[in-house]
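Asker: Provided below for reference: sequence and predicted model.
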Amino acid sequence: DAASLQAARERARRGTLQGPLILLVVVPDRVNKGNLNGTIYAERETRRILQLLGRDPTAMTKRAFILAGGTGTRNYPLTLSEAQRNKALLTFGTEANLTHIFRQILQFARDDGQGIYVFSSDAPKVIANPQMHQEIGRYGMQVIGAAVPVESDLSPYGTMRLDTGNRITAFYEKPDDATKARVFLAQGIKQVPTNWADYVFAPDAMTQLVTLYGPLYETYALDTAGQLFEAAVRTEREWEAIWEARWEASERRPYPLDVWMQIWQAAQTLHDTYGLGFVDAGTDALFADTGTNRIYYDNLQRLLYDPVLREALGVTLDPRGFILDPRAELGPNVVVKPGAIILGPSKILEGRIEAHAVVINTVAKSLYAAGRAEGRRKWRQRLDGREVELEMPVLKRGAMLVAVDAREDTLITAPNQLLSDVWIMEENVPQKVRVVSELDFEGKGPFTFQDGVRVSDVFDVKLWPRPPAEERLSPEGWSRQQAYSFTDLQQLSDPEATRV
């Protein structure tokens with residue numbers, strides 16, 4: 001704001017504004033269309049603020065952007081109930097995602113190097129390749145990620161093909177089995193590079209990027225992996241064919257053809273001038289995503305078995321085999337089974353938390369949190385310079401409760417069930433809505449599921465206001481007064497309302 005900026009100016013004038021400078025750049029809704037839009041806006045705004053402070057932006061050749069915008073729709077209802085509509089504020093371990101990212105970005109930067117780093121904010125990461133820093137700066141634009149064995153399920157990843165110089169020659173977004181067989185297995189590729197959505201640019205490359213994409217970023221949605229890097233490695237005909245396949249017959253084209261080709265030309269210019277390469281964080285690198293509620297749950301379960309992830313997130317495994325946040329309060333009649341996870345300042349007076357149930361920032365008078373697991377799998381991982389074998393269940397089907405306020409109630413959950421309380425303002429009256437869904441109820445995009453079904457069409461039968469009497473989390477036993485669609489929730493949710 002004006003006051004803090006004036007104070008910083010005065011400190012700069014006196015020569016007392018020293019050390020790292022942290023700026024919070026709020027990207028306007030009109031620009032917040034994609035991660036490349038946010039990057040360009042943040043770069044331009046950072047330069048403007050530095051100039052106001054009397055600093056030369058061109059002299060600050062090492063800086064990092066943490067992209068923490070977006071509405072977090074793939075993690076609804078959790079991003080409505082406890083995370084202020086922002087995935088970066090979801091609790092992971094004992095702190096929010098964003099807190100972990102602030103700590104971990106320092107591991108990527110070379111002390112003697114330059115670069116503008118762009119980090120996502122929804123996945124704690126730990127590098128495992130000591131040679132990685134020697135690669136940074138080899139090309140003017142680089143993708144940071146990790147190579148995974150080709151036998152892995154590649155469908156969740158953005159993948160790449162490289163030449164012998166670690167230059168990126170092709171992108172394959174979330175390849176299916178046929179693409180995997182044709183592109184990687186048939187070519188004898190053993191390790192497949194994946195994109196963490198973290199990038200590093202030479203300062204000159206960032207300056208040129210802002211210049212070339214400047215006329216476009218306020219009007220069109222721009223994704224760094226798609227409208228920059230993929231466009232950079234496609235031929236002109238291939239890029240035009242993508243437009244024809246996706247939008248030629250569509251009445252609602254996100255890009256006119258001339259703009260689509262302008263994007264390609266900008267990407268080609270950057271590629272020809274600065275190059276595009278891959279930086280490998282190591283086969284054993286840690287990438288703990290929170291991209292959907294199922295992935296979030298699975299990575300919380302990983303805390304039980306992965307000491308590297310526990311150390312990265314500051315989590316301690318109780319000798320009795322469960323995870324209990326030091327801030328949590330449990331009554332004397334609470335039974336916690338090995339494999340249970342209780343995080344945040346949760347308070348439970350009585351009940352039973354089964355193995356693989358997750359309780360986060362929740363208050364309950366009486367709680368039964370169900371859970372079960374099926375099968376086991378083993379994998380090998382390097383720890384302290386040696387390779388060890390780790391083991392964990394294959395299928396984990398625990399209930400997950402996040403920001404539930406049931407201090408006067410008895411809750412009985414089912415396996416694989418997700419519960420979260422959302423405060424809404426309806427006709428200026430605050431009201432709590434409890435969302436009950438399956439953990440695998442996965443949204444993609446604002447209000448659309450992967451199979452094309454509207455979220456509101458499905459979720460209307462999954463939302464209830466808090467009933468006046470006892471709650472038992474079986475829909476058949478609830479008195480349903482009114483259903484709210486997902487669209488209703490987004491429009492009515494009140495981020496300022498008091499949380500648990």
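Answerer: Cool, got the structure. Computed from a prediction, not measured in an experiment: that's the story for all the values here. Residues are numbered from 1 along each chain as shown.
Asker: helix, strand, or coil at Arg48?
Answerer: For Arg48, the assignment made with DSSP: H, G, I helix; E, B strand; the rest coil gives helix.
Asker: ok, it to Tyr139 distance?
Answerer: Note on Arg48: its distance to Tyr139, by CB to CB, to the nearest Å, is 28 Å. (C-beta placed from N, C-alpha, C; glycine too.)
Asker: between those two, who's got more neighbours?
Answerer: Neighbours were counted for Arg48 and for Tyr139 using other CB atoms under 10 Å; Tyr139 has more, 23 against 12.
Asker: name all residues that make contact with the more buried one.
Answerer: Going by CB atoms under 8 Å, 6 or more residues apart in numbering, Tyr139 touches Arg167, Tyr274, Gly275, Leu276, Gly277.
Asker: may I ask which two of those residues are separated the most?
Answerer: Pairwise distances across the contacts of Tyr139 peak at 11.5 Å for Arg167 and Tyr274 (criterion: CB to CB).
Asker: hang on, Ile66 packs against Ile101?
Answerer: Yes. Ile66 is within contact range of Ile101, at 5.6 Å (criterion: CB atoms under 8 Å).
Asker: quickly list what's touching both of those two.
Answerer: Contacts common to Ile66 and Ile101, judged by CB under 8 Å, 6+ apart, are Ala88, Phe119, Ser121.
Asker: please narrow those to those residing in helices.
Answerer: Members of the shared contacts of Ile66 and Ile101 lying in helices (criterion: DSSP state H): none.
Asker: got those residues as a markdown table, with neighbour count and distance to Val143 columns?
Answerer: Shown next, in a markdown table, are those (neighbours: other CB atoms under 10 Å; distance: CB to CB, whole Å):
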| residue | neighbour count | distance to Val143 |
| --- | --- | --- |
| Ala88 | 24 | 21 |
| Phe119 | 22 | 12 |
| Ser121 | 23 | 17 |
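Asker: count of neighbours near Asn97?
Answerer: 26.
Asker: in the protein, what helix or strand scores lowest on average pLDDT?
Answerer: Least confident element among the helices and strands of the chain, by mean pLDDT, DSSP states H and E: strand 448-449 (a mean of 32).
Asker: residue contacts, Glu438?
Answerer: The contact partners of Glu438, by CB under 8 Å, 6+ apart, come to Asn416, Gln417, Leu418.
Asker: how does it look with 10 Å?
Answerer: Asn293, Arg294, Ala414, Asn416, Gln417, Leu418, Lys462 (CB atoms under 10 Å, 6 or more residues apart in numbering).
Asker: repeat for Ala414
Answerer: Listed by CB under 10 Å, 6+ apart, the contact partners of Ala414 are Tyr368, Ala369, Ala370, Gly371, Arg397, Ala399, Val436, Glu438, Leu473, Ser474.
Asker: and the two most separated of those residues?
Answerer: Across the contacts of Ala414, no pair lies farther apart than Tyr368 and Glu438, at 17.9 Å, counting by CB to CB.
Asker: picking that back up, buried subset of the contacts of Ala414, written for ChimeraX?
Answerer: Only the buried entries of the contacts of Ala414 go into this ChimeraX selection, using 16 or more other CB atoms under 10 Å:
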select :368,369,370,371,397,399,436,473
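Asker: kindly reformat the contacts of Ala414 as CSV and extend each row with distance to Arg30 and pLDDT.
Answerer: Converted to CSV, these look like this (distance: CB to CB, whole Å; pLDDT from 0 to 100):
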residue, distance to Arg30, pLDDT
Tyr368, 47, 91
Ala369, 43, 91
Ala370, 45, 89
Gly371, 45, 87
Arg397, 43, 81
Ala399, 40, 90
Val436, 35, 74
Glu438, 35, 76
Leu473, 41, 35
Ser474, 45, 36
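Asker: would you agree Met160 falls within a strand?
Answerer: Yes. Met160: assigned to a strand according to three-state DSSP.
Asker: that one: how many residues sit nearby?
Answerer: Met160 sits with 26 neighbouring residues when counted by other CB under 10 Å.
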